[in-house]
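Q: how would this look folded up:
(4 chains)
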There are 2 protein chains.
Amino acid sequence: MTDRPPNTHPDPLPPDALALDRQLCFAVYSAAHAFNRTYKPLLDPYGLTYPQYLVLLSLWEEDGRTVKALGAALGLDSGTLSPLLKRLEASGYIRRARDRADERQVIVTLTGKGRAMQEEAGAIRMEIGRASGCSLAALEELNSTLQRLTANLRAGQEADAAEGAA
Amino acid sequence: MTDRPPNTHPDPLPPDALALDRQLCFAVYSAAHAFNRTYKPLLDPYGLTYPQYLVLLSLWEEDGRTVKALGAALGLDSGTLSPLLKRLEASGYIRRARDRADERQVIVTLTGKGRAMQEEAGAIRMEIGRASGCSLAALEELNSTLQRLTANLRAGQEADAAEGAA
DNA sequence: CAAAATTAGATTGCGCACAATATGATTTTG
DNA sequence: CAAAATCATATTGTGCGCAATCTAATTTTG
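A: Next up is the predicted model:
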């Protein structure tokens, strides 16, 4: 229970300040769903889900990462990744093996099928780009704006966490 | 690595075109998670989740909507909303009742507690705005850009669906 | 070196999200 | 008006996402 400034009613918010279409969070939430739904028919033929596809993207950048490294790259924890990676292994895209040097760690490696999938990903990416209906420049601009926003939100969380631990 | 196999690739994608931080979808996905994590400590004291909060926002705009109308506003179907609304009812924010005129429909109505929560929402919204670290103008700009993107993606889905049905 | 602390993953439980399906109410049509 | 089609919602099954907890391996410390 942090004591915040006594802002019971700091400002009279505009009457429609709480309208759904005024909330940036909702615009982000909706866009995320829209991407998911657009990816689904493209990934279904390969038996992949969108988060599984993200893991493959991550491994194509650097194969042989640990679960922890993947989690850091994707912003996911082991509670999400452990079962997801099991499914990815069951469908033949990756293999998991304990690191001999440090048996706490699990190394995730692409299989031949996993590497081969990268060829298909180019077409998927093109299709998504087309579906977004934005110019390359607009995509990059939006991308970096969202990355800044995400960084700001994360910084706020860390600050609050530190405050709570103090 | 510059020379790719002369495959069926329409265009030679830049070698890092599949890098995670180049994917707009991933920026959106990450921002959505970041919002969720920022909202969580603000909503936890009220026993609300973020999607439940969205339902309340929607009802504050117009109370007494049907499940279908809520689904249209939020982009969710009954498979998601039915159990969510049950939980919202169990925690006392809403009531659900069959429409007497058309017993197929369920009308969702705010309780006193549900209406009272709107007072708290102002402070939550301010806190989120602060955490986003963006100016009002930047927020609105980003909001409308994302709304256009979402509309484009949805249009593509509908086109594909129509194509499949043809 | 042995005990304590830290670390990496896995597991459990709950809630969201969606496809597919089921049920019951209403509308359309023959 | 009765059968068929449509509609609104609920249910089931699968997968993501996260908090909390557990286990085993490694590192730190006394």
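Q: can you tell me if the helix or strand of chain A with the lowest mean pLDDT touches DNA strand C.
A: None of the helices or strands of chain A scores lower by mean pLDDT, DSSP states H and E than helix A:136-165, at a mean of 85. No - using Cβ under 7 Å from any atom of the strand, helix A:136-165 stays clear of DNA strand C, with a minimum separation of 12.7 Å. C-beta coordinates here come from the backbone N, C-alpha and C atoms, glycine included.
Q: what about that helix, distance to the chain center?
A: In terms of Cα atoms, centre = their mean, to the nearest Å, the gap separating the centre of helix A:136-165 from the centre of its chain is 13 Å.
Q: and it, what other elements does it pack with?
A: helix A:112-132, helix B:24-43, helix B:112-132, helix B:136-165 (3 or more Cβ pairs under 8 Å, 6 or more residues apart in numbering or on different chains; DSSP states H and E).
Q: Show me what counts as buried in the last one.
A: Of the residues in helix B:136-165, B:139, B:142, B:143, B:145, B:146, B:148, B:149, B:150, B:152, B:153, B:154, B:156 count as buried by neighbour count, 16 or more other Cβ atoms under 10 Å in any protein chain shown.
Q: could you list every residue that touches the closest residue to residue A:65 other than its chain neighbours?
A: The shortest distance from residue A:65 to any non-neighbouring residue, by Cβ to Cβ, 6 or more residues apart in numbering or on different chains, is to residue A:108 (5.8 Å). Contacts for residue A:108 were tallied using Cβ atoms under 8 Å, 6 or more residues apart in numbering or on different chains; they are A:55, A:59, A:64, A:65, A:66, A:67, A:70, A:85, A:94, A:95, A:96.
Q: can you check residue A:39 too?
A: Residue A:39 makes contact with A:50, A:53, A:124, A:128, B:25, according to Cβ under 8 Å, 6+ apart.
Q: per-residue pLDDT, it?
A: According to the prediction, residue A:39 has pLDDT 98.
Q: Residue A:100 too?
A: On the pLDDT scale, residue A:100 is placed at 96.
Q: For my notes, confirm it occurs in a helix.
A: No - Residue A:100: not assigned to a helix; according to DSSP: H, G, I helix; E, B strand; the rest coil it is coil.
Q: who touches it in this structure?
A: Going by Cβ under 8 Å, 6+ apart, residue A:100 touches no other residue.
Q: Need the nearest residue in space to the residue positioned nearest the centre of chain A, chain neighbours excluded.
A: Note on chain A: the residue nearest the mean C-alpha position is residue A:74, at 5.0 Å, using Cα atoms, centre = their mean. Closest residue to residue A:74 apart from its sequence neighbours, by Cβ to Cβ, 6+ apart: residue A:54 at 5.7 Å.
Q: pretty sure the one you found is touching residue A:75, no?
A: No - counting by Cβ atoms under 8 Å, residue A:75 is not a contact partner of residue A:54; they are 9.8 Å apart.
Q: between those two, which one's more packed in?
A: residue A:54 (24 against 16; other Cβ atoms under 10 Å in any protein chain shown).
Q: Name the helix or strand for the more buried one, please.
A: In the assignment (DSSP states H and E), residue A:54 maps to helix A:50-61.
Q: Convert that helix to PDB, retaining C-alpha atoms only.
A: Output of helix A:50-61 as PDB, limited to C-alpha atoms (Å, rounded to 0.1, in the frame of the first residue of the first chain):
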ATOM      1  CA  TYR A  50       1.700 -17.400 -33.200                       C
ATOM      2  CA  PRO A  51       3.700 -17.600 -30.000                       C
ATOM      3  CA  GLN A  52       5.400 -20.800 -31.300                       C
ATOM      4  CA  TYR A  53       6.200 -18.900 -34.500                       C
ATOM      5  CA  LEU A  54       7.800 -16.200 -32.300                       C
ATOM      6  CA  VAL A  55      10.000 -18.800 -30.700                       C
ATOM      7  CA  LEU A  56      11.200 -20.000 -34.200                       C
ATOM      8  CA  LEU A  57      11.900 -16.300 -35.200                       C
ATOM      9  CA  SER A  58      14.000 -16.000 -32.100                       C
ATOM     10  CA  LEU A  59      15.900 -19.300 -32.800                       C
ATOM     11  CA  TRP A  60      16.500 -18.300 -36.400                       C
ATOM     12  CA  GLU A  61      18.300 -15.300 -35.100                       C
END
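Q: Check whether that helix comes near DNA strand C.
A: No - in terms of Cβ under 7 Å from any atom of the strand, no part of helix A:50-61 sits within range of DNA strand C; the closest distance is 10.3 Å.
Q: And the next helix or strand past that helix?
A: Following helix A:50-61 in sequence, per DSSP H and E, is strand A:65-66.
Q: Could you list every helix and strand in contact with that next one?
A: Judged by 3+ Cβ pairs under 8 Å, 6+ apart, strand A:65-66 is in contact with strand A:106-110.
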